[in-house]
Each structure stands twice: as C-alpha cells, then as structure tokens.
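> Fold the following, please.
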Amino acid sequence: MDIEEIINYCLLKPDVEQDFPFGPETIVFKIKGKIFLLLPLDSDILQFNVKCEPDRAIDLRERYSCIVAGYHMNKKHWNTVILDGSISNQLVKEMIDQSYSLVGQSRKNKKL
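Okay, here's the model as predicted:
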C-alpha cells in the first residue's frame, strides 16, 4: 500500500476524523476523538503506528521484522508498521481494522 491508499482506507471508515495535532508532519486518524493510527509524512520510509491487543502485538513483532514496538507510543499496546514490501496489503488492512475496532470499542465501553 502507498500513503494515499492508507489515508483513503482510514477515511472510508465510519466516524473517522483526520487531524494534525502534532504539526503538519504527522496525520492522525481518530474515531470519536481517540487516535487509532498515526502516519508520519516526513519519514524516508512509509510507516505508521496502530493500536493492537498486547498478545497479538508481540506475535506480529516476532513474525515480521517490519513490525516493531510503537515508536513514541505505549509499547504494550502499539506497533509501528514499516511498509517495506514484506507484508501483504491484507495484513496491513487487518492491523488498521483492528486498531480502529479496539479504539472504537474502548470508547463504547467508557460510555456504559
């Protein structure tokens, strides 16, 4: 996937907002005010941060060298995905979907 595909994939999801709270070099995608994906624009290599269930986060890091603990994020709950061509677009979308669901679900739980 390229940067435009990632942006478009995120924006197709319900209730998603795009923001630049950390400056013009990082796009932040939120659901109901909570971040589910950070996408740096100033990186030489296309990469992004997504939220992940802790056990799944570790599994992905062990299986794929392009998935590492979240840069500048809680390492237990966030992964950085480096798009170097070694993982499928399907896996990229699955990680985005999971992050979106985790963050969206946590918002629903807090309202109960």
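
> Contacts only, for E5.
Going by C-beta atoms under 8 Å, 6 or more residues apart in numbering, E5 touches N89. Where you see a C-beta, it was placed from the backbone N, CA and C, and this is true even at glycine.

> in the protein, what spans have low per-residue confidence?
Within the chain, the ranges that satisfy pLDDT under 70 run 106-112.

> can you map out the strands along it?
16-19, 26-31, 34-40, 47-51, 67-69, 78-82 (DSSP state E).

> Show me what counts as buried in stretch 67-83.
By neighbour count with 16 or more other C-beta atoms under 10 Å, stretch 67-83 contains the buried residues 67-71, 73, 75, 77-83.

> which of the strands of the chain sits most buried?
Mean neighbour count (mean count of other C-beta atoms under 10 Å) peaks for strand 47-51 among the strands of the chain, with a mean of 24.

> Quick one: list the elements packing against the lengthiest helix in the chain.
In the chain, with assignment by DSSP state H, the single longest helix is helix 89-111. Taking 3 or more C-beta pairs under 8 Å, 6 or more residues apart in numbering; DSSP states H and E as contact, the helices and strands that helix 89-111 lies on are helix 3-11, strand 26-31, strand 34-40, strand 47-51, strand 78-82.

> Render the CA-only coordinates of that helix in PDB, please.
Provided in PDB are the C-alpha atoms of helix 89-111 (Å, rounded to 0.1, in the frame of the first residue of the first chain):
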ATOM      1  CA  ASN A  89      -1.800  -5.400   1.900                       C
ATOM      2  CA  GLN A  90      -4.400  -7.700   3.500                       C
ATOM      3  CA  LEU A  91      -2.300  -7.800   6.700                       C
ATOM      4  CA  VAL A  92      -1.900  -4.000   6.700                       C
ATOM      5  CA  LYS A  93      -5.600  -3.600   6.400                       C
ATOM      6  CA  GLU A  94      -6.200  -6.100   9.100                       C
ATOM      7  CA  MET A  95      -4.000  -4.200  11.500                       C
ATOM      8  CA  ILE A  96      -5.700  -0.900  10.600                       C
ATOM      9  CA  ASP A  97      -9.100  -2.500  11.100                       C
ATOM     10  CA  GLN A  98      -8.100  -4.000  14.500                       C
ATOM     11  CA  SER A  99      -6.800  -0.600  15.700                       C
ATOM     12  CA  TYR A 100     -10.000   1.100  14.600                       C
ATOM     13  CA  SER A 101     -12.100  -1.500  16.400                       C
ATOM     14  CA  LEU A 102     -10.100  -1.500  19.600                       C
ATOM     15  CA  VAL A 103     -10.200   2.300  19.900                       C
ATOM     16  CA  GLY A 104     -13.900   2.400  18.900                       C
ATOM     17  CA  GLN A 105     -14.800  -0.400  21.300                       C
ATOM     18  CA  SER A 106     -12.900   1.300  24.200                       C
ATOM     19  CA  ARG A 107     -15.000   4.500  23.600                       C
ATOM     20  CA  LYS A 108     -18.200   2.400  23.700                       C
ATOM     21  CA  ASN A 109     -17.200   0.700  27.000                       C
ATOM     22  CA  LYS A 110     -16.500   4.000  28.700                       C
ATOM     23  CA  LYS A 111     -20.000   5.300  27.900                       C
END
